[in-house]
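> okay, sequence plus prediction incoming.
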Amino acid sequence: MKFKKPDVESYLKTHRPVFVQGFRHDITQAVWPFHNHHEFEIVFFTRGRGAITFPDGTKLKIEPEGFSLVPSYLPHQTTLELPAETAAILIKLPEPVPALLERVTYVHPHKDPHLVAEVMYLTAPPPDMGPLQQIEFDLRSASLLAKLVRLSNQPETKLDEGALYVGMAHDYVQRHFTKIRNLEEIADHVGVSYHHLRHMFKKHREMSLKQFLANLRINHAKQLLMLSRMMVKEIAEACGFENERHFSMYFKKCEGVSPEAYRKCHAKQYAANFDRKPRSTPEQAAPISQTPPACLGIKTRRRP
């Protein structure tokens, strides 16, 4: 009697895939020769265009935010039209493997920021994972696999290419805002010209790319001013500003007060909120009317 392989749904209910490795890398050469992995591979392309070719002649296209599911031990070759950046996850699938996971599968790009965030999380595992972290990565890998299989069965939807590029830029800025040297660096990562990205970002986010980057830096600076004892010069450097002078000028423009004044006001308020009191005394927040206007970024007019 021929053994019938389980479907993916039944398989994931009774078998737990094992997370082996997650990594990201750039592929700049036009042809990456045939190679294979001992594990099942989930490949996510953050940028690039081209195709993955398999020994039987099957080809999967490469495009930004597309996924390829590659079975264990299956040789494949990558041919690029544009340099690519990939995020790859290797997982070990217990036997018997469903027939669907023994063939190559392509998953069209989808507008799902949570899907991208999950991939990025799995491709940056801690160097020394403990048993509980291993279980976490196993289960999250299984969840990602289940979602990709489900999406592969849905018809392709035509996506706004501009939204894809803006999403890539948004993710890159959120992860690297403290180290970005100039806006052209973001465009280079996405794979489009800065002029084109600037207009697309403004259209989809209703703010400029420059403003989005500055907002992240200022919000991070506000946290450091309130919760750390770092010098203003150190905070400027930690948030990605050119120098202390540039940081102080921009901070005052955004918040209405200097970094030093912001720290002085909010440090007192922060300390007061966490000041220990007898349990019989209920905690009462100071009315906003008692907060100095300068701490709220409100400029007061001087009477003549």
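Done, it's in. Numbers count the residues shown, from 1 in each chain.
> where along the stretch 51-200 of the chain do the strands fall?
Ranges of strands in the stretch 51-200 of the chain, per DSSP state E, counting those that start in this stretch, are 59-62, 67-70, 76-92, 105-107.
> most packed of these?
strand 67-70 (a mean of 22; mean count of other Cβ atoms under 10 Å). No exception for glycine: its C-beta is placed from N, CA and C like everyone else's.
> direction included, what does that one pair against?
Applying DSSP bridges, strand 67-70 is found paired with strand 40-53 (antiparallel), strand 105-107 (antiparallel).
> excluding residues flanking it in the chain, which one is nearest residue 68?
Computed as Cβ to Cβ, 6 or more residues apart in numbering, the closest residue to residue 68 that is not its neighbour in sequence is residue 43, at 4.4 Å.
> burial measure for the one you found, as a count.
21 (other Cβ atoms under 10 Å).
> quick check: bridge partners of it?
Beta-bridge partners of residue 43, as defined by DSSP bridges: residue 68, residue 88.
> residue contacts, it?
Taking Cβ atoms under 8 Å, 6 or more residues apart in numbering, we find residue 43 in contact with 52, 67-70, 86-88.
> pLDDT at it, what is it?
Looking at residue 43, its pLDDT stands at 88.
> residue 65 too?
Predicted confidence (pLDDT) for residue 65: 76.
> cool, and the one 10 residues further on?
What the model reports for residue 75 is a pLDDT of 87.
> so it makes contact with residue 56?
No - between residue 75 and residue 56 there is no contact under Cβ atoms under 8 Å: 10.2 Å.
> these two - which one has more neighbours?
In this view residue 75 and residue 56 are compared by other Cβ under 10 Å, and residue 75 has more residues nearby, 13 against 7.
> mind listing what that one touches?
Residue 75 touches 34-36, 54-55, counting by Cβ under 8 Å, 6+ apart.
> phi first, then psi, for it.
phi -60, psi 140 (degrees, to the nearest 10).
> which one of the strands of the stretch 51-200 of the chain lies nearest to residue 126?
Among these, the nearest to residue 126 by Cβ to Cβ is strand 76-92 (14.9 Å).
> can you give the distance of the closest one from its chain's centre?
18 Å (Cα atoms, centre = their mean, to the nearest Å).
> what of stretch 163-177?
So, by Cα atoms, centre = their mean, the centroid of stretch 163-177 is 8 Å from its chain's centroid.
> once you drop chain neighbours, what's closest to residue 138?
Going by Cβ to Cβ, 6+ apart, residue 138 has residue 19 as its nearest residue, at 5.1 Å.
> which helix or which strand is home to that neighbour?
strand 18-27 (DSSP states H and E).
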